[in-house]
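Asks: I need the structure of the sequence given here:
(chains A, B, C and D)
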Protein chains: 2
Amino acid sequence: MSPAAKRTTSADVARAAGVSAATVSYVLNDTPGQSIPEDTRRRVLEAVRQLDYRPRGSARSLAAGRSDVVLLSIPHLSIGPGITRFVEHFATSLAHAGLTLVTHLAGAPGRSLPDVCAAIDASVVASIEPLDDDTAQALRRAGADVVFTTEVEAHPTMRGTGRLQAEHLIALGHRRLGYAMPEHQLLRKIADDRLLGVADACAQAGAEPPLALDTRLDTAAMARAARRWRRESVTAVCAYNDEVAIALLAGMRRAGLTAPGDLAVMGADDIPLAQAADPPLSTVAFDLEKVGRSLAEAVVASLSGGRPRLTPASLSPYVIHRAST
Amino acid sequence: MSPAAKRTTSADVARAAGVSAATVSYVLNDTPGQSIPEDTRRRVLEAVRQLDYRPRGSARSLAAGRSDVVLLSIPHLSIGPGITRFVEHFATSLAHAGLTLVTHLAGAPGRSLPDVCAAIDASVVASIEPLDDDTAQALRRAGADVVFTTEVEAHPTMRGTGRLQAEHLIALGHRRLGYAMPEHQLLRKIADDRLLGVADACAQAGAEPPLALDTRLDTAAMARAARRWRRESVTAVCAYNDEVAIALLAGMRRAGLTAPGDLAVMGADDIPLAQAADPPLSTVAFDLEKVGRSLAEAVVASLSGGRPRLTPASLSPYVIHRAST
DNA sequence: GCTCAGCACTTAAGCGCATCAGTAACCTAC
DNA sequence: GTAGGTTACTGATGCGCTTAAGTGCTGAGC
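Replies: Residues are numbered from 1 along each chain as shown, chains lettered A, B, ... in the order given. Predicted coordinates:
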C-alpha cells in the first residue's frame, strides 16, 4: 500500500548529498570540462550507493538525445550454445564501454525490429543476419544513430566455414564430397553460402563439385541419404551443422555404415554434443569470444562516428579434428 | 551530412495532419474518454504512415510514468530450441497486449539485471530462473512496477519433469532407477529439483531411491557411468536433459550396451536431435506455447494490479515415448 | 587596489511525449 | 431564449534528466 512510492530520482540524490541535480549528473557521467573536487564526488557517490539510485534510461536518453542501449537482433533459429557465448562476450565488451545490451528474437510475429528499437530507444542495432534495406532505413528513422549489421561480412564467413570443412576433407584424401542441407527453410540462406564455400574448395583442389542432399533430423531419412551418397561414390560429407551431422551419424549406423570408414562426416559450430557423439565429431568452430569483442568494438566505433568493418578474419573459423573424419 | 536530421516527432505528425500534438497522442493511444471523429483519426493515422512515425519510447515512458517494455531474463545456460519457442510465444502474446519484449542473457559479467532494467526503463521483468530477493528488491526500486518470477512455480514444475520421467519408467516395470546429473554447476539447482521429482515418484511406487551419478558430455565418462549403473542393478536412467541422454546413449554403445535392453534411457526437453538419436529418445516435453502465453497473461495481469500465479499445470509437461525406453 | 581567470558549483531550459484542464462550437430540453 | 450538456478539440504542464549559461568566490598578476 504505497501508491506514491516514487522511485528515487537524481533530485533525491542531490538532496542527500547537499548539491544540485546538475552536479549529480556531472559526477555520474564524468562530464568532461567539469571540475568536481574529490570530496564532493565522494559525497554524491555515497548518496547514490545509499539510495541504490539508478538514473532512468528514458529520462537520460530523452535529455541527452542518445541512449546507451544496444539492441541485438537474433534470428530465432540461430539460438544455440555458440550464439550464447557470442552474446555473452558481446555484452561484456559493450558493458566495458558503458553500453547496455538487450536482445530481440526476430522472426516471431509481433513487434518488428524498428518497433522494438523505438520502444527502447536503442542507439545502435546490431544484427547477426543481414538486414533488408527497408528495415535498416526504418531503424535509422526510429532513432538508431547507427545500424550495424554483419551484412558485408557474414557471407564470406559462412562461406569460409564451408571452405574449411572441405579443405580438411580434401587434405584427408577425399575427392568427392557430399553436403547435407538443413531442413528448415530459414536456414537456407546460410546453408547455401556454406555450400558455396565447399564448392569453392572443391573447384580449387580440382575435385568434383559437392553433391548436396536435403536432409531431415530423422534416422531413416538420414540412412537413405547416406546410402545415396555411397551409391554416388561420395566418401565424405560436410553437414550444415553439428546437429545435422550427429543425425547423419545415427542414420549411417542404421544403414550399417561407419564413420569415417564408409563415409567421413564433418560438422560445424562445435556444440557440446559434438565431442560426445559416436564417433566424436570433427567440426569447424569459431572464436566467438573474438567475434563478440570485435562486434562490440565496431559498435563503439560507429557511435563515435567511424564506419568500421569487421574484417573477415575476425570471425576466424578453425577446424577441430576428431574421430569422424 | 545532415547534422540536424531530426527524428520525426509527434509535432511533425500533428502539423501534417493539421491537429495538435495532444490529438495525435489521443489517436495513437486510443485514450479512453476522448471522442475523435473517424475523419480526424484517419488523417492522423495517414500522417503517421506517411512519415513512418514511431513514438519514442523514452519520451513516452517519461511522460506516462510507465513503459510498455517487458524484460525477460534468461540464464545463459538454458538457451536451447525449447527456450526459443517459449520466448517466441511469450513475445507474441505480449505484443497482442501492446507490450514489447526484449531479453537479457544473465550470468555474463557486465550489466546486472537491475542496471539493464533501469537502462531500458522496463515496466515488468520476467525471469525464467528464480531471482534472489536482493535483485527483486533492486528491480522494484529500479522502476519495474511489477517483478514477475516463476520462483514459486518453477520448482514444482522441474520436479514434475523428474516425476514424469520416473513414472514412465516405473510403469514400464523398472524398479531401480539411475539419474544422470549434468556437468555444469549452474544447472545444479534445476537438476536437484528434477531429481527430487524422480525420488518422489520412486518412493510413491515403493521402488528404491534413484542412484544419481555426475556425468560429463564425454563418451568414455558416460561409458563408465553406464557400467556403474549396471553393476548397481539399475535398469533405467533418467537423464537431466536430452543432451545428457544422447551422450549417455553414445557411452553405452562404447560400453557394448544397448538401450532399452541393457539400460532404458529417458531424456527431457525434447530437442530436435532427440528423435534422430539412436535409438530415438523417449523424453519429457513441455507445451512451451502454452507456457509463453500464460506467462504473458501473468505479466498483463500484474500490470493491471493483480497478483496472478502460473498454475503448475500451465507448464504441463508430458511424456513422449520413443524407442529408448 | 583592481582586474580577471579559474574553481565549484547552481539555475534554467528543454528533450518528446501524456495528460489535465480548459474552451469554442454546436446541440438539445423546456 | 438560455442553462446545461456534449463534441472535438487545444494549451499548458511536467515526467527526470542533460547541458549551456551563468554566479559568487578566491587568489594570482600587475
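Asks: all helices for chain A, in order.
Replies: Ranges of helices within chain A are A:10-17, A:21-29, A:38-51, A:57-64, A:81-96, A:113-120, A:133-141, A:151-171, A:188-205, A:219-231, A:242-254, A:288-303, based on DSSP state H.
Asks: how near is A:Gln165 to A:Ser61?
Replies: Counting by Cβ to Cβ, to the nearest Å, the gap from A:Gln165 to A:Ser61 is 44 Å. Quick note: C-beta positions are derived from backbone N, CA and C, even for glycine.
Asks: which one of those two has more residues nearby?
Replies: A:Gln165 (32 against 26; other Cβ atoms under 10 Å in any protein chain shown).
Asks: export only the CA atoms of stretch A:247-266, formatted as PDB.
Replies: Extracted in PDB, the C-alpha atoms of stretch A:247-266 (Å, rounded to 0.1, in the frame of the first residue of the first chain):
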ATOM      1  CA  ALA A 247      21.700 -37.200 -37.000                       C
ATOM      2  CA  LEU A 248      23.600 -38.400 -40.100                       C
ATOM      3  CA  LEU A 249      25.900 -40.500 -37.900                       C
ATOM      4  CA  ALA A 250      22.800 -42.100 -36.400                       C
ATOM      5  CA  GLY A 251      21.400 -42.700 -39.900                       C
ATOM      6  CA  MET A 252      24.600 -44.300 -41.000                       C
ATOM      7  CA  ARG A 253      24.600 -46.700 -38.100                       C
ATOM      8  CA  ARG A 254      21.100 -47.600 -39.100                       C
ATOM      9  CA  ALA A 255      22.300 -48.300 -42.600                       C
ATOM     10  CA  GLY A 256      25.100 -50.400 -41.300                       C
ATOM     11  CA  LEU A 257      27.700 -47.800 -42.300                       C
ATOM     12  CA  THR A 258      30.500 -46.500 -40.100                       C
ATOM     13  CA  ALA A 259      32.400 -43.200 -39.900                       C
ATOM     14  CA  PRO A 260      34.900 -42.400 -41.100                       C
ATOM     15  CA  GLY A 261      35.400 -45.700 -42.900                       C
ATOM     16  CA  ASP A 262      32.400 -45.700 -45.100                       C
ATOM     17  CA  LEU A 263      31.700 -42.000 -45.000                       C
ATOM     18  CA  ALA A 264      33.600 -39.300 -43.200                       C
ATOM     19  CA  VAL A 265      31.400 -36.800 -41.500                       C
ATOM     20  CA  MET A 266      32.200 -33.200 -40.700                       C
END
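Asks: one step back: ranking the helices of chain A by mean pLDDT, which is last?
Replies: Mean pLDDT values for those show the minimum at helix A:151-171, a mean of 79.
Asks: neighbours of A:Asn29, how many?
Replies: 13.
Asks: also the one 4 residues further on?
Replies: The local packing of A:Gly33 (other Cβ under 10 Å) involves 5 other residues.
Asks: quick check: buried residues in stretch A:204-222?
Replies: Judged by neighbour count using 16 or more other Cβ atoms under 10 Å in any protein chain shown, the buried positions of stretch A:204-222 are A:207, A:210, A:212-213, A:215-219, A:221-222.
Asks: was I right about A:Asp269 contacting A:Asn241?
Replies: Yes - contact criterion Cβ atoms under 8 Å: A:Asp269 and A:Asn241 qualify, at 4.9 Å.
Asks: any idea of the pLDDT on A:Phe148?
Replies: 62.
Asks: quick check: residues of chain A near DNA strand C?
Replies: Within chain A, the positions near DNA strand C by Cβ under 7 Å from any atom of the strand are A:18-23, A:26, A:34-37, A:39-40, A:59, A:62-63, A:65.
Asks: re the thing from before, dump the buried residues of stretch A:204-222 to a markdown table, plus distance to A:Leu248.
Replies: Shown next, in a markdown table, are those (distance: Cβ to Cβ, whole Å):
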| residue | distance to A:Leu248 |
| --- | --- |
| A:Ala207 | 20 |
| A:Pro210 | 15 |
| A:Ala212 | 13 |
| A:Leu213 | 10 |
| A:Thr215 | 7 |
| A:Arg216 | 11 |
| A:Leu217 | 10 |
| A:Asp218 | 11 |
| A:Thr219 | 9 |
| A:Ala221 | 10 |
| A:Met222 | 5 |
